[in-house]
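[1] the following comprises the amino acid sequence and a computationally predicted model.
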Amino acid sequence: MVTRAKELEQCGAVDLIGLRDAGAHRARVSGTSPPAYGTSPPAYGTMVGMSSASDRPARPAAGSTTSSRVPQGSGAHHERAIGLFASLVGVTALGVLTLAVLAGGFVNQKGRHSWITAHSVVADVVVLIALLTAGVAVTQLRRSHPALTTGAVALLLLLIVQTAIGQAIKHARDLTLIHVPLAMAIFGATVYLSLAAANARRGMAR
């Protein structure tokens with residue numbers, strides 16, 4: 001039994017020498033210093049803990065905010081802006097239709113002065129509503145919906161020109177040839193903006 005123990009001890013020494021030589025060879029290849037003889041490798045649990053800790057993303061400190069967070073309420077604010085724009089465009093379209101009805105009331109009619117006065121007052125109100133519509137579009141929708149913004153500003157300009165022509169018709173009847181077709185174009189623009197605003201609202205609801 002003593003002889004057997006000596007043989008096992010010699011085998012163990014040979015294994016340790018082989019491991020030391022292999023470690024030295026790897027150190028020479030990689031350019032690092034060989035591990036000291038007799039030192040034990042780090043425990044498996046320590047290595048796993050180190051790797052998992054280094055791979056784990058750092059947690060943000062309590063109370064801190066990240067730049068990628070979307071501000072709360074921005075979606076609701078944008079939806080309200082679209083709803084307000086759609087409502088104002090709808091009122092504008094209704095006003096333009098009212099102008100057409102009033103125009104039909106004083107064309108070749110006796111006592112048309114009251115119709116002309118009503119037509120003029122409604123035209124001023126429509127221009128004011130179009131101004132509010134363009135203001136909402138420019139201040140709140142110009143980045144998200146540039147087409148709606150451009151259409152609202154163009155509609156406001158057309159209504160201003162139309163109102164000026166309507167005032168000048170009293171002294172130049174020939175301007176009626178421009179006033180009537182322009183009124184049809186304005187009504188078509190209001191219908192387009194109404195449909196575009198409705199589509200934008202449906203897109204927000206999805």
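    All right, it came through fine. Residues are numbered from 1 along each chain as shown.
[2] the longest helix anywhere in the chain - contacts with which helices or strands?
    As assigned by DSSP state H, the longest helix anywhere in the chain is helix 74-106. Contacts defined by 3 or more C-beta pairs under 8 Å, 6 or more residues apart in numbering; DSSP states H and E place helix 74-106 against helix 113-136, helix 146-168, helix 176-205. Backbone N, C-alpha and C define where each C-beta goes, glycine included.
[3] contacting residues around the spatially closest residue to Val127 that is not a sequence neighbour?
    Leaving aside its sequence neighbours, Val127 sits nearest to Leu159 (C-beta to C-beta, 6 or more residues apart in numbering; 5.0 Å). For Leu159, the contact set (C-beta atoms under 8 Å, 6 or more residues apart in numbering) comprises 123, 126-127, 130, 186.
[4] who wins on neighbours among these?
    Neighbour count (other C-beta atoms under 10 Å) singles out Ala130 as the most crowded of the contacts of Leu159, with 27 neighbours.
[5] hmm, which helix or strand of the chain has the shakiest average pLDDT?
    helix 44-55 (a mean of 47; mean pLDDT, DSSP states H and E).
[6] what about the protein, any weak spots by pLDDT?
    Within the chain, the ranges that satisfy pLDDT under 70 run 1-74, 107-111, 205-206.
[7] so what are the domain limits for it?
    What automatic domain parsing lists as the domains of the chain is 1-37, 75-205.
[8] tell me which of these is the most buried.
    Comparing those by mean neighbour count (mean count of other C-beta atoms under 10 Å), domain 75-205 comes out on top with a mean of 16.
[9] from Ala147, how far out is Thr139?
    16 Å (C-beta to C-beta, to the nearest Å).
[10] I meant Ser87, not that one.
    Counting by C-beta to C-beta, the gap from Ser87 to Ala147 is 18 Å.
[11] again, but for Ala185
    18 Å.
[12] cool, Val96 as well?
    Val96 is 20 Å from Ala147, where distance means C-beta to C-beta.
[13] ditto for Gly75
    Going from Gly75 to Ala147 by C-beta to C-beta gives 20 Å.
[14] then Gly104?
    Distance from Gly104 to Ala147, by C-beta to C-beta: 32 Å.
[15] ok, now Leu158?
    16 Å.
[16] cool, Ala130 as well?
    Ala130 is 17 Å from Ala147, by C-beta to C-beta.
[17] likewise for Val136?
    15 Å.
[18] same check on Leu159?
    Using C-beta to C-beta, Leu159 is found at 19 Å from Ala147.
[19] same thing with Thr98?
    Counting by C-beta to C-beta, the gap from Thr98 to Ala147 is 26 Å.
[20] now swap in Leu97 and tell me
    For Leu97 relative to Ala147 (C-beta to C-beta), the value is 23 Å.
[21] can you check Leu175 too?
    Counting by C-beta to C-beta - Leu175 and Ala147 are separated by 31 Å.
[22] kindly report the same for Gly166.
    Distance from Gly166 to Ala147, by C-beta to C-beta: 28 Å.
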